[in-house]
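Asks: Return atomic coordinates for the entry below.
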Amino acid sequence: MDYEEAVQKNLDIVYRAALACCKNPSDAEDVVQSAFEKLLRSDTVFTDDNHLRRWLVRVAVNEGRNLWKSFWRRNVSSLEELSLEPAAPEGRQPVLLEEVLALSVEYRTVLHLYYYEDCSTREIARLLHLTEANVRTRLKRGRDRLRQQLEKGDSE
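Replies: I've put the predicted structure just below:
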C-alpha cells in the first residue's frame, strides 16, 4: 500500500484517536500530522492493513501523551479555551461522547477505543502496552465513573 492510500484509509480513525487523547481539534490535527509523518519516515514493514492501522493509532496515542507532557503544555495557559465539540460517529450519542471525553485520559482512551472504534480488549492492550486484565479494569472503572457523571448530571 502506498503512502497516500494509507493516509486516506486511516485518517479518520487516527484523527478520532488523537481527538480522544487531546480533546482539542487543533491539537488532534497536529498529532495526526505527526503520526503520518512518522509513517512516511518509518521503514517498518506492515503485514496487513490492520497492522498499519494499529501502528498508526499507537503512534497517535503516544504523540497525544507527549503533547500533554511537553514543557509548553505544562507551563503555558491558553488565552481562550476552544469549546468546539467533537463529532460522534454515526449512530452514537454526542452527549455521551462529551461525557466520555470529560473522563481522565486513562479511562477516556480505553472507552473510546472500545466503544467508538470497536477495538477488542486484546487490541487495546497491544495498542496501549497494557495487559488485557488492566484494559478490562479500566473499562469497568471508566464505565462506573461515566455512570456517576451521568447520574450527577441528571440530578442537577
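Asks: In the protein, which residue is most central in space?
Replies: Residue closest to the average C-alpha location in the chain (Cα atoms, centre = their mean): A17, at 2.7 Å.
Asks: check which helix or strand covers that one.
Replies: helix 3-22 (DSSP states H and E).
Asks: Give me the helices and strands touching the following helix or strand past that helix, please.
Replies: Reading on from helix 3-22 to the C-terminus, the next helix or strand found by DSSP H and E is helix 25-41. Contact analysis of helix 25-41 by 3 or more Cβ pairs under 8 Å, 6 or more residues apart in numbering; DSSP states H and E lists helix 3-22, helix 49-69 as its packing neighbours. Every residue, glycine included, has its C-beta placed from N, CA and C.
Asks: Contacts for helix 25-41, please.
Replies: For helix 25-41, the external contacting residues (Cβ atoms under 8 Å, 6 or more residues apart in numbering) are 3, 6-7, 11, 14-15, 18-19, 21-22, 52, 55-56, 59-60, 63-64, 67, 82, 84, 86.
Asks: could you check the angle helix 3-22 makes with that helix?
Replies: With axes from the mean of the first three to the mean of the last three Cα atoms, to 10 degrees as the basis, helix 25-41 and helix 3-22 are set at 140 degrees to each other.
Asks: Compute the distance from the centre of helix 25-41 to the centre of its chain.
Replies: 13 Å (Cα atoms, centre = their mean, to the nearest Å).
Asks: Which residues belonging to that helix are considered buried?
Replies: P25, D27, A28, D30, V31, V32, S34, A35, F36, K38, L39 (16 or more other Cβ atoms under 10 Å).
Asks: which secondary element of the protein has the worst mean pLDDT?
Replies: Lowest on mean pLDDT, DSSP states H and E among the helices and strands of the chain sits helix 71-75, with a mean of 51.
Asks: right, and the helix or strand after that one?
Replies: Sequence-wise, the next helix or strand downstream of helix 71-75 (DSSP H and E) is helix 94-101.
Asks: in that next one, what's buried?
Replies: L97, E99, V100, L101.
Asks: hang on, the last one packs against A20?
Replies: Yes: counting by Cβ atoms under 8 Å, L101 sits close enough to A20 to count as a contact (6.9 Å).
Asks: Noted, bye for now.
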